[in-house]
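A.B. asks: Based on what follows, work out the 3D shape:
(2 chains)
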Amino acid sequence: MSVMELLALAPPGWGGALLNGLWLSLQVAGAGYLLGLVIGMAGAAGKLSGGPVIRDLLTCYTTITRAVPELVLILLLYFAVPEAINQLLATLGLGRVDIGPFASGVAVIALVQGAYATEVMRGAIRAVPVGQLEAAHSLGMTPLTVFRRITLPAMLPGALPGLSNLWLIATKDTALLAVVGFTELTLAARQAAGATKHYLLFLCAAGVLYLIVSLISNLAFKGLERRATRGMHHD
Amino acid sequence: MTTLHAAPHTAADDDAIIEIRDLRKSFGQTEVLKGISLSAHRGDVISLIGSSGSGKSTLLRCLNLLETPSAGTLRLLGEPLPFRERGGQREPADRRQLRRLRARLGMVFQGFNLWPHLTLEANVMEAPVQVLGRSRDAARAEARRLLERVGLHHLRDAYPATLSGGQQQRGAIARALAMSPEVLLFDEPTSALDPELVGEVLAVIRDLAEEGRTMLIVTHEMQFAADVANRVIFLDQGEIAAEGPPDQVFGSTRTERLTRFLGTAALT
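C.D. replies: Purely as a prediction, here's the structure:
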């Protein structure tokens, strides 16, 4: 078969399978990333203004999550955690639940991204000049209003470079889900390569697709940064 | 409503609008305010003067609780402000009351503190919309009137970073005025400005004083302090060292400490 035939969208070409894998990768990465941002926001708020217990718990979370390899977390969440839950449910006389590879993938990425995002946002929030917050408080704003209207937009320029990195990492972390048999882009490429023995072609094709995702993401984040720093000094 | 040129609406009363008694504030081991008592009435313009570290900015920041006093009692706009202890920290007992009072006390900072992600007009609109629940249209119309008044109408769509210090400070004054505050607190409003920009800000403040607004002004501009105020308070090492009408405080009966301070002030 020629290269074009191998990469054709319809079988026996493998192009469709690759794109399908890419779509699954993006879904897992997107859902995990968004959840991670929510965790990161809550984590940063907790670390900066929570009580000592909350702060210690969050430090445990960010330290452990960032220390353990993601591959280990994926195996834990895919094999060990469902097993534990099911044993617990069985002792309660309840039926089994099944955590599919998609859900565990999203959970792992959210957990890991949340830990890193906590630190990125904590740093960015701390860099907001305190006078801007005092001005908001002096006008009678509630803490929530201050956070939503002043802290959040003021910290974005500082947070976006870190957050854009995290997104790129999230898209590539999805490749780890291949170990639990989730046919995201990398596994799809390996299957295509194995079936046709054209390893170089399909792994490069996967690489090109990851690269395209990165380039488009960069453009999107550049646009966001331009918007967030509107009115501020540009160099 | 003609809030622009009328003094804030109020029933005539003789009660103090701000009253503090034996106010103390310590940072760690250092006692910055050592028992300050003062009261301000509606229409008062009070200049707070004193050398750096005398506690005058801390005193002003205690008045809207940006700093929590370590001891003493506080009555703002006729309401006593109770404190409580929590986790070894003293704090206002009623956050809701605090926010309600803060909304009626305008504060102008040394560093302007405009929000850099908002245009000048949006800066002025923000608190009326978010705190008072005004409609955006009403807030925008009021913001434009106020910016016109401080001479910045043509810059309403500019972002703070593109403005001079004097323009930013006039914008910050408009932002405070947008809440129709009953008292204006100025914390060294011209100290961060280049000398040639001081005049435009002082002119705006003088204008506000002349319309009968209640104001407390921490300042290093002695001539201005004397001109604009009906009362001058001289703070020295955390205590009120002299207090009275400007001609009396600065006049022939001035204390030795004040003379010494004015001597150094004139040199700088």
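
A.B. asks: make it CA atoms for all contacts and neighbour counts henceforth
C.D. replies: Fine.

A.B. asks: and the helix or strand of chain A with the lowest mean pLDDT, how far out from the chain's middle?
C.D. replies: One helix or strand of chain A scores below all others by mean pLDDT, DSSP states H and E: helix A:3-6, with a mean of 73. Distance, stretch centre to chain centre, for helix A:3-6: 33 Å (Cα atoms, centre = their mean, to the nearest Å).

A.B. asks: again, but for stretch A:126-144
C.D. replies: 30 Å.

A.B. asks: can I have it written out in PDB, keeping just the CAs?
C.D. replies: The C-alpha trace of stretch A:126-144 is given here as PDB (Å, rounded to 0.1, in the frame of the first residue of the first chain):
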ATOM      1  CA  ARG A 126       0.300  36.600  45.300                       C
ATOM      2  CA  ALA A 127       1.800  38.800  42.600                       C
ATOM      3  CA  VAL A 128      -1.300  41.000  42.500                       C
ATOM      4  CA  PRO A 129      -0.400  44.300  44.200                       C
ATOM      5  CA  VAL A 130      -2.100  44.400  47.600                       C
ATOM      6  CA  GLY A 131      -3.100  48.100  47.000                       C
ATOM      7  CA  GLN A 132      -5.500  47.000  44.300                       C
ATOM      8  CA  LEU A 133      -7.300  44.700  46.700                       C
ATOM      9  CA  GLU A 134      -7.300  47.300  49.500                       C
ATOM     10  CA  ALA A 135      -8.900  49.700  47.100                       C
ATOM     11  CA  ALA A 136     -11.600  47.100  46.300                       C
ATOM     12  CA  HIS A 137     -12.200  46.400  50.000                       C
ATOM     13  CA  SER A 138     -12.300  50.100  50.900                       C
ATOM     14  CA  LEU A 139     -15.200  50.500  48.500                       C
ATOM     15  CA  GLY A 140     -17.200  47.800  50.400                       C
ATOM     16  CA  MET A 141     -16.900  44.900  48.100                       C
ATOM     17  CA  THR A 142     -17.500  41.400  49.400                       C
ATOM     18  CA  PRO A 143     -14.500  39.000  49.400                       C
ATOM     19  CA  LEU A 144     -16.200  37.000  46.600                       C
END
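
A.B. asks: what's next to that stretch, contact-wise?
C.D. replies: A:146, A:150-151, A:154-155, A:158, B:64, B:66, B:98-107, B:109, B:111, B:113-115, B:127, B:130-131, B:176, B:179 (Cα atoms under 8 Å, 6 or more residues apart in numbering or on different chains).

A.B. asks: re the thing from before, for the least confident helix or strand of chain A, name the packing helices and strands.
C.D. replies: Helices and strands touching helix A:3-6, by 3 or more Cα pairs under 8 Å, 6 or more residues apart in numbering or on different chains; DSSP states H and E: there are none.

A.B. asks: Which elements pack onto the longest helix seen in chain A?
C.D. replies: Using DSSP state H to define each element, chain A has its longest helix at helix A:15-49. The contact analysis (3+ Cα pairs under 8 Å, 6+ apart) places helix A:15-49 against helix A:52-67, helix A:101-126, helix A:152-173, helix A:185-196.

A.B. asks: mean confidence for that helix?
C.D. replies: Across helix A:15-49, the average pLDDT comes to 90.

A.B. asks: cool, and stretch B:162-182?
C.D. replies: 93.

A.B. asks: CA atoms only: put that stretch into PDB for me.
C.D. replies: Extracted C-alpha coordinates of stretch B:162-182, given in PDB (Å, rounded to 0.1, in the frame of the first residue of the first chain):
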ATOM      1  CA  THR B 162      -1.200  54.900  30.000                       C
ATOM      2  CA  LEU B 163      -1.900  57.800  32.300                       C
ATOM      3  CA  SER B 164       0.300  60.100  34.300                       C
ATOM      4  CA  GLY B 165       0.400  59.900  38.100                       C
ATOM      5  CA  GLY B 166      -1.700  63.000  38.400                       C
ATOM      6  CA  GLN B 167      -4.300  61.700  36.000                       C
ATOM      7  CA  GLN B 168      -4.400  58.400  37.800                       C
ATOM      8  CA  GLN B 169      -4.900  60.100  41.200                       C
ATOM      9  CA  ARG B 170      -7.700  62.300  39.800                       C
ATOM     10  CA  GLY B 171      -9.200  59.100  38.400                       C
ATOM     11  CA  ALA B 172      -8.900  57.400  41.800                       C
ATOM     12  CA  ILE B 173     -10.700  60.400  43.400                       C
ATOM     13  CA  ALA B 174     -13.500  60.000  40.900                       C
ATOM     14  CA  ARG B 175     -13.700  56.300  41.700                       C
ATOM     15  CA  ALA B 176     -14.100  57.200  45.400                       C
ATOM     16  CA  LEU B 177     -16.700  59.900  44.700                       C
ATOM     17  CA  ALA B 178     -18.800  57.500  42.600                       C
ATOM     18  CA  MET B 179     -20.000  55.900  45.800                       C
ATOM     19  CA  SER B 180     -21.300  59.300  47.100                       C
ATOM     20  CA  PRO B 181     -19.200  58.800  50.300                       C
ATOM     21  CA  GLU B 182     -20.100  60.800  53.400                       C
END
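
A.B. asks: List of residues touching that stretch?
C.D. replies: A:139, A:231, B:3, B:8, B:103-108, B:112-114, B:120, B:123-125, B:127-128, B:142-143, B:146-147, B:150, B:152, B:160, B:184, B:189, B:192-194, B:197-198, B:200-201, B:204, B:213-214.

A.B. asks: Over to stretch B:68-85?
C.D. replies: With Cα under 8 Å, 6+ apart, stretch B:68-85 has contacts from B:15-26, B:35, B:62-63, B:90-94, B:98, B:101.

A.B. asks: What sits closest to residue 31 if chain neighbours are left out?
C.D. replies: I'll assume chain A. Among residues not flanking A:Ala31 along the chain, A:Val106 sits closest, at 6.2 Å (Cα to Cα, 6 or more residues apart in numbering or on different chains).

A.B. asks: think we crossed wires, I meant chain B
C.D. replies: B:Lys25 (5.9 Å).

A.B. asks: Show me what the helix or strand B:Ser47 falls within is in contact with.
C.D. replies: Taking DSSP states H and E as the criterion, B:Ser47 maps to strand B:45-49. Identification of contacts with strand B:45-49 by Cα under 8 Å, 6+ apart yields B:40, B:56, B:209, B:213-220, B:222, B:225-226, B:228-235.

A.B. asks: List the neighbouring strands of that strand plus their orientation.
C.D. replies: Here strand B:45-49 has these sheet partners by DSSP bridges: strand B:214-218 (parallel), strand B:231-236 (parallel).

A.B. asks: The residue nearest the centre of chain B bridge partners, please.
C.D. replies: The residue lying closest to the centre of chain B (Cα atoms, centre = their mean) is B:Leu185, at 1.1 Å. Listed by DSSP bridges, the beta-bridge partners for B:Leu185 are B:Met107, B:Leu216.
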